[in-house]
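A.B. asks: pasting a predicted model and its sequence here:
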Amino acid sequence: MNKKVSIATLSAFLVATSPAMAVNEANTLYVNLELSLNRTTVGMVIQSISQQTGYEFSYDESILSKEISKVSVRVKNEHIESVLKKVFKNTDISYRIVDNRIFLQDNAKAKSVSFASVQQTKRTIRGTVVDNTGLPVIGANVIVKGSAGVGTVTNVDGDFTLEGIEDGATLMISYIGYVDQEVAVAKGKNDYKITIHEDTQNLDEVVVVGYGTQTKVNLTGAVSTIGKDELINRPVTNVSSALQGLTPGVTITSGTGQPGSDGSTIRVRGVGTLNNANPYILVDGIETGTFDSIDPNDIESISVLKDAASAAIYGSKAANGVILVTTKRGKAGKASVSYNGNVSFSNVSTLIDRLSSYDYARLYNQLLTQDGASPRFTDEDLRLFQDGTDPYGHPNTVWTDYIYRTGFMHKHNLNVSGGSEDVKYMASAGFLGQEGTLQNSDRQQFNLRTNLDIKLSDKFTMRTNMAFIHNDYSEPNASYGGGSTQLIRQSDRIAPWIPYKKEDGSYGSISDGNPAAWVDINSRKYHLQQNFSGVLAFDYHIIDGLTFTLQGAYVTDIKETKDYRKECWYDDVNYHGPDQLTETISRWSRYTLDALLNYDKTFNQDHHFKAMAGYKIEKYDYRELVAFRKSFPNSEVTDLNGGDSSTQTNSGYSRELALLSYFGRLNYDYKGKYLLEANFRADASSRFAKGYRWGYFPSFSAGWRISEEDFMENTRGWLQSLKFRGSWGLLGNQDAVKDEYYPYLPTLYIGKNFPFGGTVHQGITVVSHKVTTISWENSTNWGIGFDANFLNEFMLSVEYYNRKTSDIIMDIPVSDTFGISGTYQDNKGSLRNSGVEASFAWNHSFNKDWRMGVNANFSYNKNELLDLAGVNEIIDGYTINRIGEPYQSFYVYEVDGLFQSDEEAAAYEKQYGNPWSLPFKGGDFRIKDADGDGKLTDKDRVVKGTQQPKTTFGLTLSAGWKNFDLSVFMQGVTGTNRYFSRDVVGSFIGDTSHPSTNWLDAWTPENTNAEWPRLFLEENSISSPQRVNSSFWCMNTNYLRIKNVNFGYTLPKTWTSKLGIANAKIYYTGENLFTFDSLPFNADPESPSGNLDVYPISRSHSFGINVTF
């Protein structure tokens, strides 16, 4: 039989089976302890000993209120048993010590708890307690309900025996991490098999919040948590992609699939500013700048602070939300070694279907003929394109075949953790090797992390965290630059009748070259990033409940880029060159010092206070150097000094920033029922002028656990927890300034010449206008919600939020009276985000073999501009910022069908006019007179959605049977649009375009029900997305994606234990498997660019193993 054994359960087993009360000398420990309590209770003594020594206690709850007249103990390095003798002298309390657990018994009672059998003349009940997998649960408490002290604990086989039990009695079975189970004793039945289930409610779960932790049940702010199990075993290369769809209110849009530079855009509760709207991200309490490079295997949990109540403690950096990453730490006990590795294969998930050479040539001839020109291709050309018998003269080149490939990735992580009560350690090393789906894109990343906890004395502890990340990656480059974007763009724009290579071995090319040739010559852009972070912290326990913490942190990040553009000869005439190299080296460093004072105390067992006061200083330095040379001796010389020195240029840049902060928090709860929290932070930033540097950011929140009220007692059989909560707070944003140095100082230019006294002198010119009053953006947040846990299986959380951002920094045109052109920055704008978030979970075990779970989340966000420096709207191309509409809405002419004849088009043009100097024709878009004034003008443009989704959702379905487990994760968005350019569907230009197959359904007099407008040469039609920004090209990009499918098998312990393996699992994972959307072409609806020229995300299949020794 398999055994489910841990240190804690083994300890409980020893208690149940040992007949003696003496301490096990093999597990003796020595402690430092100071107690001075008058007229106290056993409960208060337990709390004090546990806080100072780390020992855990097992006892019957009735013992907590037992009074002790006086306790006065002060020992150093003394055996715990002698300490307990002193503490419980002259009482009826006896004890037993096993490992780090102390079992207490009230000898004044006639019956025992935990480790004594009950001797009565009634019948004996026997049973076995197992978990939902059928494994025995060792150390589960089994007591008789209503009979104080009657009970025992299960042994190593999960068995228990109770004597003297009456018919109709109720057995209560409890075990840490599992739902309490009640079983009625039936008449005549003496043997029972009882299954207990894991507690999926997590009411006592500890959640990481700003500068501390709180139990989930006592939270009054909006905090979402993601556990380690949701991140591992997935073939993702960055953490942000792994978070997509896992928590409500957080919108994550995949950026690119480029190895080493594949981070996503993260928005918490919408776009909160017209400027930098990124959340504040901390790893183990410090800002490292490497969120996407963290090895997911190193992460213990992630907390997302979404409202002011939870985020105000971070003040000026929290306006757009806060993400707290906590890495794993060591635990006392035997060393544990774990390995997680996987290999994955990937392909581009979406590519536009484009016309064959035959179809393109045929349609191109047709257009030329319609315009009165001679066709470019003869009937013989068309035949050869169609039958493919002349691959050099009449090719059908599929350019994507030359630039894309099957990607390959392998990931490995080795983790060692363990320690004693005095020293705990965790060390982790990870490696990622990746060959991207785009040719010449590769990545090698190495991660190293160590966390150490040391108990220096009974009052003094030390913590250290160190992490190093080495990320070396490359991307393909065009001979004239542009990186992977240019390669992708050109592969979509070169006609299929251009050959990859000619018969003589030279390259086919257009004016922009040949993208496959750039791949062949290995023209690349190289990147190297190295990041080091270190934390040293000391905790000093001043008195019971009062702790002082001093923490220093240092982070440095170095990035090097070598943009090497190799010369490329396509044939004897066509050429791009010469070789040129641009090297960029940037380095930033951040120094922080935090001093914290924490107080945590419970008075009279009902009034619980927590208080924290803190001070922080932060300094940030940035340096950048750029150097350039060209005309190298050959393409193999890649050192900068190999280039022609006469061509060299260089530049540099530096800046320094500082932040000074004071902050504090106060928590109070009464019996865990009424919850209050207040936060305050004051920040001073060097970004702003004196008199405007300080920002003050308070927040308040309250919660009511109505389920704990006496009048709710009759619901406790099915309602485990119901909490109502509300919050209000103010947050700030200092990262909104575009000039990242001192935006309140005017810019001066040295070098202009001025005549004075008949002589020309060099002078100084003011070239920009600034205002000294520029300061913080402010965000006012409030929200209400509830959290419910019921039927031991269900969880539901719903919240409404409202966030108004004011004093948004905007570009304001400089008045002509200043004699300076351009704009300056000032606090003038305002916008609001409001919405609803909901999350739901259900987990159920049907029997020892079958289990199932559902986790779902949903969020709706409304974004609305309120003020734009006194103007109603600001138009920028096909987007608009308008009062009352979402930020960066699409602003286009509305299409009302297609003209069905030239005559209809001419009549419409005569009635409404034509502002585009291109005549309306049959098959063109009919542009609607939206404002109804009887003529077509730029006033007829309408708002047509925005790129920011209104709703986001995620759904995880999980199931298990015995040692098999399966999970399917889906995520998606609605209420989002994208404006697609001509690069997506192509146009009929000739060699420098490759139209999509959508044009096969273009309008003709014979195909009047077509989905697409008529064909047109160049851009000579109002239907072109380049000539008229119309609603036809602004498409709905809602989608549902099967984001992840994971199937695993945990090897039986009867197999692995023989090899010294504690746990082993093999698994398959599929990522980005299917996407459902309404786009008329095969494009990724999540792509951040309407040009589709970004590195596409991949569909991948991964196979891995997870082993723990």
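C.D. replies: Sure thing, it's come through.
A.B. asks: how about whichever helix in the chain runs longest: buried residues?
C.D. replies: Using DSSP state H, we find that the single longest helix of the chain is helix 357-370. Buried positions in helix 357-370, judged by neighbour count with 16 or more other Cβ atoms under 10 Å: Ser357, Tyr358, Asp359, Tyr360, Ala361, Arg362, Leu363, Tyr364, Asn365, Leu367, Leu368. Yep, even glycine has a C-beta here, placed from its N, CA and C like the rest.
A.B. asks: got a list of contacts for it?
C.D. replies: 355, 374-377, 381-382, 385-386, 394-397, 495-497, 988, 990, 994-995, 997, 999-1000, 1015-1017 (Cβ atoms under 8 Å, 6 or more residues apart in numbering).
A.B. asks: run the chain-centre distance for it.
C.D. replies: Its chain's average C-alpha position is 48 Å from that of helix 357-370, according to Cα atoms, centre = their mean, to the nearest Å.
A.B. asks: rounded mean pLDDT for it, please.
C.D. replies: The average pLDDT within helix 357-370 is 94.
A.B. asks: and it, C-alpha only, in CSV?
C.D. replies: Output of helix 357-370 as CSV, limited to C-alpha atoms (Å, rounded to 0.1, in the frame of the first residue of the first chain):
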residue,chain,number,x,y,z
SER,A,357,1.7,33.5,-58.8
TYR,A,358,-0.9,32.5,-61.4
ASP,A,359,-3.9,34.1,-59.6
TYR,A,360,-1.9,37.3,-58.8
ALA,A,361,-0.7,37.6,-62.4
ARG,A,362,-4.1,36.9,-63.9
LEU,A,363,-5.8,39.6,-61.7
TYR,A,364,-3.0,42.0,-62.2
ASN,A,365,-3.3,41.7,-66.0
GLN,A,366,-7.1,42.3,-65.6
LEU,A,367,-6.5,45.5,-63.7
LEU,A,368,-3.9,46.8,-66.2
THR,A,369,-6.3,46.1,-69.1
GLN,A,370,-9.2,47.9,-67.3
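A.B. asks: returning to what we had before: which of the contacts of helix 357-370 are buried?
C.D. replies: Counted by 16+ other Cβ under 10 Å, these give 355, 375, 377, 381-382, 385-386, 394-397, 495-497, 988, 994-995, 997, 999, 1015-1017 as buried.
A.B. asks: for Val208, what are its contacts?
C.D. replies: Thr225, Ser301, Ser303, Leu324, Thr326.
A.B. asks: let me know the pLDDT of the third one.
C.D. replies: The predicted structure scores Ser303 at 91 on the pLDDT scale.
A.B. asks: wait, it sits on Leu324?
C.D. replies: Yes - contact criterion Cβ atoms under 8 Å: Ser303 and Leu324 qualify, at 4.4 Å.
A.B. asks: overlap of the contact sets of those two?
C.D. replies: With Cβ under 8 Å, 6+ apart as the test, Ser303 and Leu324 both reach Val208, Val209.
A.B. asks: neighbour count for the two, which is higher?
C.D. replies: Leu324 (25 against 22; other Cβ atoms under 10 Å).
A.B. asks: and the more buried one, what element?
C.D. replies: If you go by DSSP states H and E, Leu324 is part of strand 322-327.
A.B. asks: please save the CA atoms from that strand in CSV.
C.D. replies: C-alpha atoms of strand 322-327 as CSV (Å, rounded to 0.1, in the frame of the first residue of the first chain):
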residue,chain,number,x,y,z
VAL,A,322,1.0,46.4,-8.4
ILE,A,323,2.3,42.9,-9.1
LEU,A,324,4.2,41.2,-6.3
VAL,A,325,6.3,38.1,-7.2
THR,A,326,7.4,36.0,-4.3
THR,A,327,10.1,33.4,-4.9
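A.B. asks: any idea which helix or strand comes after it?
C.D. replies: Downstream of strand 322-327 (by DSSP H and E), the next one is strand 333-348.
A.B. asks: run the chain-centre distance for that next one.
C.D. replies: 20 Å.
A.B. asks: what sits up against that strand?
C.D. replies: 7, 232-233, 235, 257, 297, 400, 404, 406-419, 437, 1062, 1067, 1069, 1071, 1096, 1098-1109.
A.B. asks: strand partners (parallel or antiparallel) of the strand holding Leu324?
C.D. replies: strand 280-283 (parallel), strand 299-305 (antiparallel) (DSSP bridges).
A.B. asks: how about the strands in the stretch 851-1000 of the chain?
C.D. replies: Secondary structure of the stretch 851-1000 of the chain (DSSP state E, counting those that start in this stretch): strands at 873-876, 879-882, 889-893, 895-898, 925-927, 941-946, 951-961, 964-974, 977-979.
A.B. asks: would TSV of the buried residues of helix 357-370 with distance to Ser50 be doable?
C.D. replies: Formatted as TSV, those follow (distance: Cβ to Cβ, whole Å):
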residue	distance to Ser50
Ser357	78
Tyr358	80
Asp359	77
Tyr360	77
Ala361	82
Arg362	83
Leu363	80
Tyr364	82
Asn365	86
Leu367	83
Leu368	87
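A.B. asks: what's the helix or strand for the nearest residue to Ile469 once chain neighbours are set aside?
C.D. replies: Closest residue in space to Ile469, ignoring its immediate chain neighbours: Asn531 at 4.5 Å, by Cβ to Cβ, 6 or more residues apart in numbering. If you go by DSSP H and E, Asn531 is part of strand 524-543.
A.B. asks: CA atoms of whichever helix or strand comes after that strand as PDB?
C.D. replies: Next helix or strand after strand 524-543 toward the C-terminus (DSSP H and E): strand 546-565. In PDB, the C-alpha atoms belonging to strand 546-565 read as follows (Å, rounded to 0.1, in the frame of the first residue of the first chain):
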ATOM      1  CA  LEU A 546       7.200  44.200  17.800                       C
ATOM      2  CA  THR A 547       9.800  43.800  15.100                       C
ATOM      3  CA  PHE A 548      12.200  46.100  13.400                       C
ATOM      4  CA  THR A 549      13.300  45.300   9.800                       C
ATOM      5  CA  LEU A 550      16.200  46.900   7.900                       C
ATOM      6  CA  GLN A 551      16.500  46.000   4.300                       C
ATOM      7  CA  GLY A 552      19.000  47.100   1.600                       C
ATOM      8  CA  ALA A 553      18.800  46.100  -2.000                       C
ATOM      9  CA  TYR A 554      20.900  46.600  -5.100                       C
ATOM     10  CA  VAL A 555      19.900  45.900  -8.700                       C
ATOM     11  CA  THR A 556      22.000  46.400 -11.800                       C
ATOM     12  CA  ASP A 557      21.000  45.700 -15.400                       C
ATOM     13  CA  ILE A 558      23.300  45.800 -18.400                       C
ATOM     14  CA  LYS A 559      22.100  45.600 -22.000                       C
ATOM     15  CA  GLU A 560      24.300  45.400 -25.100                       C
ATOM     16  CA  THR A 561      23.000  45.400 -28.600                       C
ATOM     17  CA  LYS A 562      25.000  44.800 -31.800                       C
ATOM     18  CA  ASP A 563      23.000  45.900 -34.800                       C
ATOM     19  CA  TYR A 564      25.100  44.400 -37.600                       C
ATOM     20  CA  ARG A 565      23.900  44.900 -41.100                       C
END
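A.B. asks: strand 546-565 pairs with which strands, parallel or anti?
C.D. replies: strand 524-543 (antiparallel), strand 580-603 (antiparallel).
A.B. asks: buried residues in that strand?
C.D. replies: Buried-residue list, strand 546-565, by 16+ other Cβ under 10 Å: 547, 549, 551, 553, 555-557, 559, 561-565.
A.B. asks: repeat for stretch 974-992
C.D. replies: Buried residues in stretch 974-992, counted by 16+ other Cβ under 10 Å: 975-980, 982-989.
A.B. asks: ok, of those residues, which one's closest to Lys331?
C.D. replies: Thr976 (43.8 Å; Cβ to Cβ).
A.B. asks: OK, contacts around that closest one?
C.D. replies: With the criterion set at Cβ under 8 Å, 6+ apart, Thr976 makes contact with Gly945, Thr946, Gln947, Gln948, Pro949, Lys950, Asn1036, Thr1037, Asn1038, Pro1085.
A.B. asks: helix or strand right after the longest strand along the chain?
C.D. replies: Identified as the longest strand of the chain according to DSSP state E is strand 644-670. From strand 644-670 onward toward the C-terminus, using DSSP H and E, the following helix or strand is strand 674-685.
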